[in-house]
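1. got a predicted structure plus its sequence, pasted below:
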Amino acid sequence: MEAILLVIHLLVILALIIVVLLQRSEGGGLGIGGGGGGGLVSVRGSANLLTRTTAILAVVFFVTSLTLAILASSRMESRSIMDDVPATPAVPAQPQQPAQPGVPLSQ
């Protein structure tokens with residue numbers, strides 16, 4: 001079930017990106033906002049349709065996000081890193097004694 005929900009979530013994300021990119025830019029910051037005629041039905045009709053579609057996809061996105069989070073948290077067991085700490089402290093290894101310096105054999 002989690003895999004199916006994840007696939008639906010990814011499809012909603014892609015659809016949301018496409019719908020947002022299709023909308024006309026109000027500020028014209030990039031200069032690529034929807035130009036002249038040839039819209040869906042009319043400029044106002046297409047804006048209303050894209051706005052509604054964006055809102056619906058956003059709600060579906062939030063619902064699938066929350067559902068995935070709830071499924072992930074219920075699957076996770078509560079653990080602490082303190083559970084892995086041994087009860088008795090480990091004895092540190094004794095440092096090795098350095099070897100005695102030898103007499104140089106060179107002339």
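-> Okay, I see it. For clarity, every value in this text was computed on a predicted model and none was experimentally measured.

2. what is the neighbour count of Ser80?
-> By other C-beta atoms under 10 Å, 7 other residues sit near Ser80. C-beta here means a position set from N, CA and C on the backbone, and glycine is covered the same way.

3. tell me which residues of the host helix or strand of Val59 are tucked away?
-> Using DSSP states H and E, Val59 falls within helix 43-75. The neighbour-count check on helix 43-75 (16 or more other C-beta atoms under 10 Å) flags 46-47, 50, 53-54, 57, 60, 64 as buried.

4. nearest to Leu14, of those?
-> Ranked by distance to Leu14 (C-beta to C-beta), these are led by Leu57 at 9.9 Å.

5. which non-adjacent residue is nearest that closest one?
-> Closest residue to Leu57 apart from its sequence neighbours, by C-beta to C-beta, 6 or more residues apart in numbering: Leu16 at 4.4 Å.

6. how would you label that neighbour: helix, strand or coil?
-> Counting by DSSP: H, G, I helix; E, B strand; the rest coil, the backbone at Leu16 sits in helix.

7. for it, what are its contacts?
-> Listed by C-beta atoms under 8 Å, 6 or more residues apart in numbering, the contact partners of Leu16 are 54, 57-58, 61.

8. tell me the average confidence for the helix holding Val59?
-> Taken as a whole, helix 43-75 has an average pLDDT of 88.

9. do stretch 21-28 as well
-> Stretch 21-28 comes out at a mean pLDDT of 73.

10. could you say which helix or strand holds Pro104?
-> Short version, using DSSP H and E: Pro104 is in no helix or strand.

11. and the pLDDT at it?
-> For Pro104, the predicted pLDDT is 72.

12. that one - how many residues pack around it?
-> 6.

13. so what's the backbone phi/psi at it?
-> Here is the backbone geometry of Pro104 (degrees, to the nearest 10): phi -70, psi 140.

14. same thing with Met76?
-> Main-chain torsions, Met76, degrees, to the nearest 10: phi -80, psi 140.
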